[in-house]
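A.B. asks: Fold the following and give me the result.
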Amino acid sequence: MRLTILGCSGSIPGPNRAASGYLLEADGFVLGLELGNGTLAQLQVARDPFELDALLLSHLHPDHCADVSALTVLRRYHPEPPYDRRPAKLPLFGPADTAARLANAYAPNLAELAETDLSDVYDFRELTPGSLRVGPFEVEVAEVDHPTTAYGLRVRHGGRTLAYTGDTGPCAALTELAADVDVLLSEASWTDAPDRPPGVHLSGKQAGALARESRARRLLLTHVAPWADRDAVLAEARLEFREAELVEQGAVYEV
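C.D. replies: Numbering: from 1, shown residues only. Take a look at the predicted model:
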């Protein structure tokens, strides 16, 4: 599997950094994971956005899905969409209210809100805890600890496994998702402190402890907030798990 970082800024975009967005590729299939603020611009740098075969949203906070509105414009109004290569309706996986929430974000005004429908652009499919197949990928979905419905993912292909925490505080589901994975892509929004609110995000220390306790082989840290000290987040993660590194926008990793 090949992992490309479209954006890795936590909670909001940072200076020249897009919010959460990733590509996972295998066997010619391109799966988008998240499409937060600024990521469509980075997607156009990495490859043709029409090459997406599916899009998966772990939850519906804007830093993980805001650029779906821009992708809608591209797929609906591009004068020469190459639909001979990809289906006209992009499979889009997300929580139960994804279709309605994204329509609300796209609606031009309140009067037209009730009539806004994105089903000409997307084939909406509900994410629920359990197993599903997306192209060549076997995906395990688990609900994690966040103020809105949010999911972590465990993705397998060709004997390799990647776990993605999404946005979450520490919870039992993470240890199962990350058990013995080749790569753990983990949020690490801030440095560790006793006054951090529970059930929202992981610190660098908590991400490192998760990697160590789950016996992950490699830890990739993402979703660091622009106001957080990236070096400090990495340092405390490495105290728990030596093989930790901060991802960089545009970077490509082999899983």
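A.B. asks: in the protein, which spans are strands?
C.D. replies: 2-7, 21-26, 29-35, 54-56, 90-94, 122-126, 130-134, 137-143, 151-157, 160-164, 183-187, 219-222, 244-246, 252-254 (DSSP state E).
A.B. asks: Quick check: R160 touching R218?
C.D. replies: No - with contact defined as C-beta atoms under 8 Å, R160 does not reach R218; the gap is 11.1 Å. Bear in mind the C-beta positions are built from the backbone N, C-alpha and C, glycine included.
A.B. asks: and the nearest residue to E143 once chain neighbours are set aside, what does it touch?
C.D. replies: Nearest non-adjacent residue to E143, counting by C-beta to C-beta, 6 or more residues apart in numbering: P129, 5.4 Å away. With contacts defined as C-beta atoms under 8 Å, 6 or more residues apart in numbering, P129 is in contact with V141, A142, E143, Y151.
A.B. asks: P129 and Y77, how far apart?
C.D. replies: 36 Å (C-beta to C-beta, to the nearest Å).
A.B. asks: Low-confidence regions, the chain specifically.
C.D. replies: 84-87 (pLDDT under 70).
A.B. asks: ok, which stretches of it are helices?
C.D. replies: Per DSSP state H, the chain carries helices over the ranges 39-46, 62-65, 68-77, 98-106, 172-178, 204-214, 230-240.
A.B. asks: Which among those helices is found nearest to A19?
C.D. replies: Closest of these to A19 is helix 62-65, at 3.8 Å (criterion: C-beta to C-beta).
A.B. asks: helices or strands next to the closest one in the packing?
C.D. replies: Contact here means 3 or more C-beta pairs under 8 Å, 6 or more residues apart in numbering; DSSP states H and E; on that basis helix 62-65 packs against strand 29-35.
A.B. asks: Go again with 10 Å.
C.D. replies: strand 21-26, strand 29-35, helix 39-46, helix 68-77, strand 90-94, helix 98-106 (3 or more C-beta pairs under 10 Å, 6 or more residues apart in numbering; DSSP states H and E).
A.B. asks: Serialize the ones you listed to CSV and add fields for mean neighbour count and distance to G169.
C.D. replies: Converted to CSV, these look like this (neighbours: other C-beta atoms under 10 Å; distance: least, C-beta to C-beta, whole Å):
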stretch, mean neighbour count, distance to G169
strand 21-26, 23, 21
strand 29-35, 25, 18
helix 39-46, 19, 24
helix 68-77, 18, 25
strand 90-94, 23, 21
helix 98-106, 18, 22
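A.B. asks: out of these, nearest to L174?
C.D. replies: strand 29-35 (16.5 Å).
A.B. asks: What pairs with the closest one, parallel or antiparallel?
C.D. replies: The strands that strand 29-35 pairs with in its sheet are strand 21-26 (antiparallel), strand 54-56 (parallel) (by DSSP bridges).
A.B. asks: what angle do it and strand 137-143 make?
C.D. replies: Angle, strand 29-35 to strand 137-143, by axes from the mean of the first three to the mean of the last three C-alpha atoms, to 10 degrees: 20 degrees.
A.B. asks: one step back: among R160 and R218, which residue is more densely surrounded?
C.D. replies: Set R160 next to R218 and count neighbours by other C-beta atoms under 10 Å: R218 wins out with 17 against 14.
A.B. asks: my guess is the more buried one contacts L185, does it?
C.D. replies: Yes - contact criterion C-beta atoms under 10 Å: R218 and L185 qualify, at 9.4 Å.
A.B. asks: on that earlier part again, nearest to A207 among the helices and strands packed on helix 62-65 would be which one?
C.D. replies: strand 21-26 (16.1 Å).
A.B. asks: Dump the C-alpha coordinates for the closest one into CSV.
C.D. replies: The C-alpha trace of strand 21-26 is given here as CSV (Å, rounded to 0.1, in the frame of the first residue of the first chain):
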residue,chain,number,x,y,z
GLY,A,21,-6.4,14.4,4.0
TYR,A,22,-4.7,11.2,2.8
LEU,A,23,-4.6,8.9,-0.2
LEU,A,24,-4.1,5.1,0.2
GLU,A,25,-3.4,3.2,-3.0
ALA,A,26,-3.0,-0.4,-4.0
